[in-house]
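In: Build me a structure from this.
(4 chains)
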2 protein chains.
Amino acid sequence: MLPANHQQVFSDKKEHIINAAVELFAEKGFEGSSIRDLAARADVNVAMVNYYFGSKDKLFTAIVEHRASFMRGKLDEIEADKTMSEIEKIDAIIENYVTKILSQPAFHRVMHQELLKTEREAMHENIIRIFVRNTKTLRTIIEQGIKKKVFKKVDPELTMASLIGTINQVMLSKALCIMLVDKEKNFDPYTDLAFRTRLVKHLKQLMHGYLLADKN
Amino acid sequence: MLPANHQQVFSDKKEHIINAAVELFAEKGFEGSSIRDLAARADVNVAMVNYYFGSKDKLFTAIVEHRASFMRGKLDEIEADKTMSEIEKIDAIIENYVTKILSQPAFHRVMHQELLKTEREAMHENIIRIFVRNTKTLRTIIEQGIKKKVFKKVDPELTMASLIGTINQVMLSKALCIMLVDKEKNFDPYTDLAFRTRLVKHLKQLMHGYLLADKN
DNA sequence: TTTAATTAATCAAACGTTTGTTTAATTCAA
DNA sequence: TTGAATTAAACAAACGTTTGATTAATTAAA
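Out: Model (predicted):
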């Protein structure tokens, strides 16, 4: 009936394949996953992946474009907010980062797998561009804080590396995470709310201790 | 002539293949690299890889076992040293970590690529076991510092994650690293001594600010 | 309204390559 | 001369991709 309905069905199918692909690639890696694997998991015919996306490589590009926008929006809002102090903005960004990344562990893992490969330049630069764009806000705020002398004269780039690197380290491996925090086997750090709180608290304390100038 | 010489030659060839493999896997990933690629790069016959290592998977295991011991030794020494304070030990570990990891960027990348895959359990747990063993020293020292009340009551596990995560973040991508620090294209952060110094300085400051209790 | 034409979606089957691995013959060193 | 090292060739299996047929839904013409 509805003319829009057709497009709707089409998009649903593409999204269904993308979702299955993200999960599969996170488990086995992009090269380690075959289109037949993916087709079986998504319960579609093998030909459908190339029908919808053109090729396996283009499927990956589609995944990046479909999911990568998940960071923006809130970040610009935080940066522009005149009522917040610099350290309050850092706190807000920490909460935003942790929430967003913990909500898409599989996608996050897939992106980092590709980042770690020095070849595959096209995909590589694509991912890096998104990453740099997403972290620009953080950089600006740190530099502003230093300028206003409410932050110590820290290393802005490496401060970003510490903040994001901590989250990435936690996301590295669920198994590693479980071993580090000594939890029972079926504990899932990514959905566990207490763990999210713990990570946010740690990052805030770390950044406060590092960024805020001693009162003297 | 020498009876040991035969073993020497044998090992040299194996090591030559391992070195080529680490470089190749870092560029294209383990699954993304074919044995023919590897044979061509190492300038050996395709059959030699399986002749020496048995299979592609066993080659990976051999790489892990051959290179993974690179961390130990100095760490135990630092931990046992009675003349150093806890924060001095942290500083020593930072210098040790940064030096060791920056000296093997390709190997480091290969390990992390595998860590990010949730399947491939055998390799996965192998790498995790090594990782946990290597970080146990750091954990012990942090906990000792807290016990002696020279450190604040920090989160030991996530403090480790911040320290190692920062280094990993820098190691993630050379291209990303260059973009972050705004250097010219042919700048190599891994061999550049000034960058190493900068990273060490940042980590020490970060840990000092976070770990050391305020004097009151 | 009925019928024909057109379209998108889906499928099983097959395409040519590349994959990891093995074989059997050959070279080499001791 | 013996055993290890090395080779080119061959292997089946798996790979990404393409094909041509079939279905179902939509549009156009009668």
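In: and residue A:52, how far is that from chain B?
Out: Residue A:52 is 24 Å from chain B, where distance means C-beta to the nearest C-beta, to the nearest Å. (C-beta placed from N, C-alpha, C; glycine too.)
In: So what's the predicted local confidence for that residue?
Out: The per-residue pLDDT reported for residue A:52 equals 96.
In: Please apply the same query to residue A:192.
Out: Model confidence at residue A:192, given as pLDDT, is 86.
In: Render the CA-only coordinates of the helix or strand where residue A:198 lies in PDB, please.
Out: Counting by DSSP states H and E, the element that carries residue A:198 is helix A:193-211. Provided in PDB are the C-alpha atoms of helix A:193-211 (Å, rounded to 0.1, in the frame of the first residue of the first chain):
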ATOM      1  CA  LEU A 193      26.000  -1.500  35.300                       C
ATOM      2  CA  ALA A 194      28.200  -1.600  38.300                       C
ATOM      3  CA  PHE A 195      31.200  -2.100  36.100                       C
ATOM      4  CA  ARG A 196      30.200   0.900  33.900                       C
ATOM      5  CA  THR A 197      30.000   3.000  37.100                       C
ATOM      6  CA  ARG A 198      33.300   1.800  38.300                       C
ATOM      7  CA  LEU A 199      35.000   2.600  35.000                       C
ATOM      8  CA  VAL A 200      33.500   6.100  34.900                       C
ATOM      9  CA  LYS A 201      34.500   6.800  38.500                       C
ATOM     10  CA  HIS A 202      38.100   5.700  37.800                       C
ATOM     11  CA  LEU A 203      38.400   7.800  34.700                       C
ATOM     12  CA  LYS A 204      37.100  10.900  36.400                       C
ATOM     13  CA  GLN A 205      39.400  10.500  39.400                       C
ATOM     14  CA  LEU A 206      42.400   9.800  37.000                       C
ATOM     15  CA  MET A 207      41.700  12.900  35.000                       C
ATOM     16  CA  HIS A 208      41.000  15.100  38.100                       C
ATOM     17  CA  GLY A 209      44.200  14.100  39.700                       C
ATOM     18  CA  TYR A 210      46.100  14.700  36.500                       C
ATOM     19  CA  LEU A 211      44.500  17.800  35.000                       C
END
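In: what packs against it?
Out: Helix A:193-211 sits against helix A:86-103, helix A:156-171, helix B:156-171, helix B:193-211, with contacts defined as 3 or more C-beta pairs under 8 Å, 6 or more residues apart in numbering or on different chains; DSSP states H and E.
In: quick one, it and helix B:156-171 angle?
Out: When axes from the mean of the first three to the mean of the last three C-alpha atoms, to 10 degrees is applied, the directions of helix A:193-211 and helix B:156-171 differ by 70 degrees.
In: picking that back up, got the helices and strands packed on helix A:193-211 as CSV, with mean neighbour count and distance to residue A:121 columns?
Out: Output for these, formatted as CSV (neighbours: other C-beta atoms under 10 Å in any protein chain shown; distance: least, C-beta to C-beta, whole Å):
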stretch, mean neighbour count, distance to residue A:121
helix A:86-103, 19, 25
helix A:156-171, 24, 22
helix B:156-171, 23, 18
helix B:193-211, 18, 23
